[in-house]
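S.K.: have a look at this fold, sequence not included:
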């Protein structure tokens, strides 16, 4: 193709991004100084895009299916893993931390805005199920997560779009891989936990901070 774009770099100078391969198609890649470009595949469609990479070389992004929808992926070694969706046709992964936690956004079943997600221990969780439903927030996109479990992205607060920072460090531990409930079960548990949690919103220009704390 004629161009490429880089989106993330880790502490080993490994880079993730995507480039034009001609014919209107694009492919995700991981680049290193020693190995050059490693071009990634798709899930049966024509294009893929890599948006994040952690210090273990795990890259995340989205890849097209043969039906035209796109699914979030994580590249672990040589395996391109499909992360699925929150019920809708498409999902997109943007960030991954060194613990392998992934964030992005996905469409739900039916119409409406996308919802931000956290992918952890083999399960995709709707971030909106982990905050107080009466807060006025709808978290629509998550773009990055650090090793402390702080997630940034965009959402709406009472109908107005704002950037957000949400802290998950005070939440009960997400189920471990040996005891993962079905997604619907975890969402129900998370909804029940909302009666035990308090959402504190600090107003700042252009940035809204959401912190989930135990109720005193």
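M.R.: Nice, thanks for sending it over. Since the structure is predicted, the reported quantities are computational estimates derived from the model, not experimental observations.

S.K.: list the residues that contact residue 119.
M.R.: Going by CB atoms under 8 Å, 6 or more residues apart in numbering, residue 119 touches 72, 74, 83, 93, 101-104, 125. For the C-beta atoms, the positions are set from N, CA and C on the backbone; glycine is no exception.

S.K.: rerun at 7 Å
M.R.: With contact taken as CB atoms under 7 Å, 6 or more residues apart in numbering, residue 119 is in contact with 83, 102.

S.K.: next one: the one helix or strand it maps to to chain centre, how far?
M.R.: Using DSSP states H and E, residue 119 maps to strand 115-120. Centroid displacement of strand 115-120 relative to its chain, using CA atoms, centre = their mean, to the nearest Å, is 5 Å.

S.K.: what residues of stretch 133-148 count as buried?
M.R.: 135, 137-145 (16 or more other CB atoms under 10 Å).

S.K.: that one: end-to-end distance?
M.R.: 24 Å (CA to CA, to the nearest Å).

S.K.: over to stretch 140-151?
M.R.: 12 Å.

S.K.: rewinding a little: partners of the next helix or strand after the strand holding residue 119, with directions?
M.R.: Following strand 115-120 in sequence order, the next helix or strand is strand 123-126 (DSSP H and E). Here strand 123-126 has these sheet partners by DSSP bridges: strand 115-120 (antiparallel).

S.K.: the helices in this protein, which residues?
M.R.: All helices of the chain, identified by DSSP state H, fall at 183-193.

S.K.: in strands only, show me the buried residues of stretch 133-148.
M.R.: Among the buried residues of stretch 133-148, the residues falling in strands (DSSP state E) are 137-145.

S.K.: any chance of TSV for those residues, columns pLDDT and distance to residue 54?
M.R.: Shown next, in TSV, are those (pLDDT from 0 to 100; distance: CB to CB, whole Å):
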residue	pLDDT	distance to residue 54
137	93	27
138	94	28
139	96	22
140	97	24
141	98	19
142	98	15
143	98	14
144	98	11
145	97	10
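
S.K.: and residue 47, how close does it get to residue 28?
M.R.: Using CB to CB, to the nearest Å, one gets 8 Å for the distance from residue 47 to residue 28.

S.K.: please apply the same query to residue 88.
M.R.: 21 Å.

S.K.: hmm, back to that, got JSON lines for the buried residues of stretch 133-148, with distance to residue 24 too?
M.R.: Below are the buried residues of stretch 133-148 laid out as JSON lines (distance: CB to CB, whole Å):
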{"residue": "135", "distance to residue 24": "42"}
{"residue": "137", "distance to residue 24": "38"}
{"residue": "138", "distance to residue 24": "34"}
{"residue": "139", "distance to residue 24": "33"}
{"residue": "140", "distance to residue 24": "28"}
{"residue": "141", "distance to residue 24": "25"}
{"residue": "142", "distance to residue 24": "29"}
{"residue": "143", "distance to residue 24": "26"}
{"residue": "144", "distance to residue 24": "29"}
{"residue": "145", "distance to residue 24": "32"}
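
S.K.: looking at these, which one is closest to residue 34?
M.R.: When these are compared for distance to residue 34 (CB to CB), residue 144 wins out at 26.5 Å.

S.K.: show me the contacts for the closest one.
M.R.: Applying CB under 7 Å, 6+ apart, the residues contacting residue 144 are 94-95, 103, 152.
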